Structures are given as structure tokens and as C-alpha cells.
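Q: Got a predicted structure here, sequence first:
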Amino acid sequence: MRVLAFFTLPTLLLAQPVQVKPFRVSPAVTLSHDLGICNLKIEYARPAVKGRPIWGALVPFGQVWRTGANAATVISFSDPVRIAGKEIPAGSYGLFAIPGPEAWTLILNKQAKQWGAYFYKESEDVLRWSAKPRAIPHQEWLEYAVAPDGEQGWQVELRWEKLAVPFAVGADVRGTYWKHLEDTLTRAKDEDPAPWLQAAVYCQQNDLHLDRAMAWVDKSLKAGESFWSQECKARLLHKAGKTREALPHLERAAVLAKGKAPKEYLENLEKDLAAWKAGLKP
């Protein structure tokens, strides 16, 4: 047993692999973009042109390409999205393409983590759709650009050499947030004023379900008064045409905010108080 104990530790140490991190000439990038609470993320590596012919040469036409360098590009969605009219579940996908001289086929594949396109299987495709490339000024390093399409989703564009390939990703931004709001309130405690106030303020600012917002702000006030909750109550009453009832709450908000809120906040409350009072009929 002593001999076994003597040799066990050195043997285990020698068995541990020693690895050198590979030097990647194509920088790795993670691009993340939020809309509301919906998130789109792209993980890719950026090859450079380096004076080489790219389309139809380094990247052949008619063959599956990893849309980047090194590992296959991965695109992830925190919530369900729509692409080319099809519903895509939340999750991570390999983003591949089949470039062509006039049109490209873009591909979402179930296998998000894979090296290049060497192990790509068409049978694991989730979606294929067509995209039209457009000409751009020279782009030395491959990049993805993401821009919001209002609250409807994102416009995504792959750019490299003198070509850009755009595609749209749709998202139910407001619907996703409302579901999150309702789910959160099912777990909220009556004695915690914050979630009820947050939900009420969202509705008040967006003119949504104002009756429910009133019930929620009342619940927040019952749990613990703040200038935020008094202001929200006042604005909900004002929206409902009950300005006389709203004034005491806005005045109370101003009192509570003194010494706690920025000067600009207090000034805005005073302006609204004056305007509401002026608007009342004698």
C-alpha cells in the first residue's frame, strides 16, 4: 500500500495534459443586442481579406460556409423569434450560408458548437432561407452589424470584402415583456412594493391596462409609500380624467422627493402641478 501511495500522485500529475492555447489570427467576437428584454447574440471569428479573392474563391460558391473563421458562427436568441416567416424557438444555432453570385442561402442548424463546416449535417437544419447580397465599400475584416427594427426585431448584416448580406430577425418585444411582467407578479410578495410599482409605471408610461396599473400601484402604496408610487398614482388618475383626485398625490410625491430626488425631477413635478391646477375648471 505504501508503494501504491508513493506512485499514485506523481502518476496522476504526469497524466494531466499540458496544452498551449492556439494563436488565432482571426479575432473572436461576441456581439450582443437587447430589445426590451429580448436578446440576440452572435459569436464569430473575423477573418481578414489580406488581398485575397474572397467570393467564389476563398469562399466557394455553392458550398456550405461557416460565415466566419475557425468555429462555426453561433447565433442565439433569448426568446422565440421569426425568420423568413417561420417561428424559431429560443436557443443557440449554427449560422451557415451557401453563397452564390446573385443570391445566398442562409442556414440555421441545430448544432451550434462545431468546428467550421466539417461536421455540418443538412439533416440538422432548422431553417433555410434566401438572402440578397448588396455591394458595399471595402470591408477588410469580416463583421456582423445588428440594428433594431423599431420594436419589431433586428436587422442583421454580414459584411466582408465588398459584399453585405442582410437578413431580418423578428421578435415580439412587447409581448415577451408583458409575459415576463405577469409571470414576475405571480411570484411577487404583497409586502414588497417594488415589483407592483414597476409594473404600474410600465403600464402608465405606455398607456396599457390602466385599470390593472391602478390596482398595482395601490398595492405598492400599501406595502410602502414612495415618491415614485405617489407620482405614478397621480399620473394614472390624471390620465383617467380625475385631475382633482390626482393633485394631492402629485403634491405628496413632491414632498417625499425633497432631498432624495434630483433637482430636475422636482422641477418637473412643480411644472406639472402648476399645469394641472391651471387646467381645472373653476
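A: Ah, there it is. Numbering: from 1, shown residues only.

Q: Please point out which parts of the strand or helix carrying residue 32 sit buried.
A: Element membership for residue 32, per DSSP states H and E: strand 28-35. Using 16 or more other Cβ atoms under 10 Å as the burial criterion, the residues of strand 28-35 that qualify are 29, 33, 35. The way it works is simple: take the backbone N, C-alpha and C, and place the C-beta from them, glycine included.

Q: What pLDDT is listed against the second one?
A: Per-residue confidence for residue 33 comes out at a pLDDT of 97.

Q: Identify the bridge partners of it.
A: residue 40 (DSSP bridges).

Q: shouldn't it be in contact with residue 148?
A: Yes: look at residue 33 against residue 148 with Cβ atoms under 8 Å: they come within range, at 7.4 Å.

Q: Quick one: list the elements packing against the longest strand belonging to the chain.
A: Counting by DSSP state E, the longest strand found in the chain is strand 153-170. Counting contacts by 3 or more Cβ pairs under 8 Å, 6 or more residues apart in numbering; DSSP states H and E, strand 153-170 is packed against strand 28-35, strand 38-45, strand 81-83, strand 104-109, strand 125-131, strand 134-148.

Q: Which one, of those strands, ends up nearest to residue 168?
A: Closest approach to residue 168 among the helices and strands packed on strand 153-170 is made by strand 81-83 (7.3 Å; Cβ to Cβ).

Q: In the closest one, which residues are buried?
A: For strand 81-83, the neighbour count (16+ other Cβ under 10 Å) marks 81, 83 as buried.

Q: Same question for stretch 91-98.
A: 92, 93, 94, 95, 96, 97, 98.

Q: Helix, strand or coil: sort out residue 101 for me.
A: Following DSSP: H, G, I helix; E, B strand; the rest coil, residue 101 is assigned to coil.

Q: Run a quick neighbour tally on it.
A: Counted with other Cβ atoms under 10 Å, residues neighbouring residue 101 total 10.

Q: any idea how far the residue nearest to it when sequence neighbours are not counted lies from residue 77?
A: Leaving aside its chain neighbours, residue 101 sits nearest to residue 61 (6.1 Å; criterion: Cβ to Cβ, 6 or more residues apart in numbering). Counting by Cβ to Cβ, to the nearest Å, the separation of residue 61 from residue 77 is 29 Å.

Q: between these two, who's got more neighbours?
A: Per other Cβ under 10 Å, whichever of residue 61 and residue 77 has more neighbours is residue 77, with 21 against 14.

Q: show me the contacts for the more buried one.
A: By Cβ atoms under 8 Å, 6 or more residues apart in numbering, residue 77 lies in contact with 38, 39, 40, 88, 90, 91, 169, 171.

Q: Bridged to residue 86, which residues?
A: Beta-bridge partners, per DSSP bridges, of residue 86: residue 83.

Q: you'd agree it is up against residue 125?
A: No: when contacts are counted by Cβ under 8 Å, residue 86 is not listed as touching residue 125 (11.6 Å).

Q: which SSE is residue 255 in?
A: Under DSSP H and E, the secondary-structure element containing residue 255 is helix 243-257.

Q: so what does that helix touch, helix or strand wise?
A: Packing contacts for helix 243-257, counted by 3+ Cβ pairs under 8 Å, 6+ apart, involve helix 227-239, helix 263-279.

Q: Please save the CA atoms from that helix in CSV.
A: C-alpha atoms of helix 243-257 as CSV (Å, rounded to 0.1, in the frame of the first residue of the first chain):
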residue,chain,number,x,y,z
THR,A,243,-57.1,65.6,-12.0
ARG,A,244,-58.6,66.9,-8.8
GLU,A,245,-58.0,63.5,-7.2
ALA,A,246,-54.6,63.3,-8.8
LEU,A,247,-53.3,66.6,-7.3
PRO,A,248,-52.9,65.5,-3.7
HIS,A,249,-50.8,62.5,-4.8
LEU,A,250,-48.5,64.6,-7.0
GLU,A,251,-48.1,67.1,-4.2
ARG,A,252,-47.3,64.3,-1.8
ALA,A,253,-44.7,63.0,-4.3
ALA,A,254,-43.1,66.4,-4.3
VAL,A,255,-42.9,66.4,-0.5
LEU,A,256,-41.4,62.9,-0.4
ALA,A,257,-38.9,63.7,-3.2
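
Q: now it and helix 227-239, what's the angle there?
A: 160 degrees (axes from the mean of the first three to the mean of the last three Cα atoms, to 10 degrees).

Q: Identify all contacting residues around the longest strand of the chain.
A: 33, 35, 40, 42, 47, 49, 54-55, 67, 77, 81-84, 97, 104, 106, 129, 131-139, 141-149, 152, 171, 173.
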